[in-house]
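Student: sequence-free structure coming up:
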């Protein structure tokens, strides 16, 4: 067995099917359950776009109640498709969930949270031309531009809340 096959086999031990009634759109739409029983969405991991507009702030998504950690705020993102890079997934998800045009974004860096069996990559990007973000799918209550200084005051998705101080430092240090 090759190293790649072994890695896929190791990762597959954590897979769970999508919930009953969920319309699976892609092979990446599945729960991954860790050794401690914690669950993460995205068979091939997940990615999100942290879009920063220096005039308006961070593009945030208020998650619907039925979603994982529903009712919290985070960034547009979701499950990666098989073979999809983190950047491709983040741009696709941001387009699907918030109407983000990929030509209005300049990716600057990536922040990875890797558990070995699952990972989440935040793509940090500068907005290069203004655009109106729109709630464009059922996974959001709303999308909004939130000033950098007000992000921490929102009820944040726990994973995003944990990563936010480092992400904010990166934004400020790199002047993204």
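Tutor: Sure thing, it's come through. As the structure is a prediction and not an experimental result, all values here were calculated from the model.
Student: can you give me the helices for this structure?
Tutor: Shown for the chain, the helices assigned by DSSP state H span residues 3-12, 86-98, 158-174.
Student: So which of these is the most surrounded?
Tutor: helix 86-98 (a mean of 23; mean count of other CB atoms under 10 Å). Any C-beta I mention is one placed from the backbone N, CA and C, and that applies to glycine too.
Student: sorry, back to before: can I get the helices of the chain in JSON lines including distance to residue 144 and mean pLDDT?
Tutor: Conversion of the helices of the chain to JSON lines gives the following (distance: least, CB to CB, whole Å; pLDDT from 0 to 100):
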{"stretch": "helix 3-12", "distance to residue 144": "35", "mean pLDDT": "44"}
{"stretch": "helix 86-98", "distance to residue 144": "10", "mean pLDDT": "96"}
{"stretch": "helix 158-174", "distance to residue 144": "15", "mean pLDDT": "94"}
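Student: Can you convert these into TSV and add a column each for distance to residue 79?
Tutor: TSV is the format used below for these (distance: least, CB to CB, whole Å):
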stretch	distance to residue 79
helix 3-12	14
helix 86-98	8
helix 158-174	14
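Student: Show the contacting residues for residue 57.
Tutor: 145-148, 150-151 (CB atoms under 8 Å, 6 or more residues apart in numbering).
Student: Which of the helices of the chain sits closest to residue 45?
Tutor: helix 86-98 (7.7 Å; CB to CB).
Student: on that earlier part again, write a ChimeraX command that selects only the buried members of the contacts of residue 57.
Tutor: Buried residues among those (16 or more other CB atoms under 10 Å), as a ChimeraX selection:
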select :145,146,151
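Student: Could I get the contacts of residue 57 in JSON lines, plus columns for distance to residue 35 and pLDDT?
Tutor: What follows is the contacts of residue 57, written out as JSON lines (distance: CB to CB, whole Å; pLDDT from 0 to 100):
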{"residue": "145", "distance to residue 35": "39", "pLDDT": "98"}
{"residue": "146", "distance to residue 35": "35", "pLDDT": "98"}
{"residue": "147", "distance to residue 35": "39", "pLDDT": "96"}
{"residue": "148", "distance to residue 35": "36", "pLDDT": "94"}
{"residue": "150", "distance to residue 35": "37", "pLDDT": "97"}
{"residue": "151", "distance to residue 35": "32", "pLDDT": "98"}
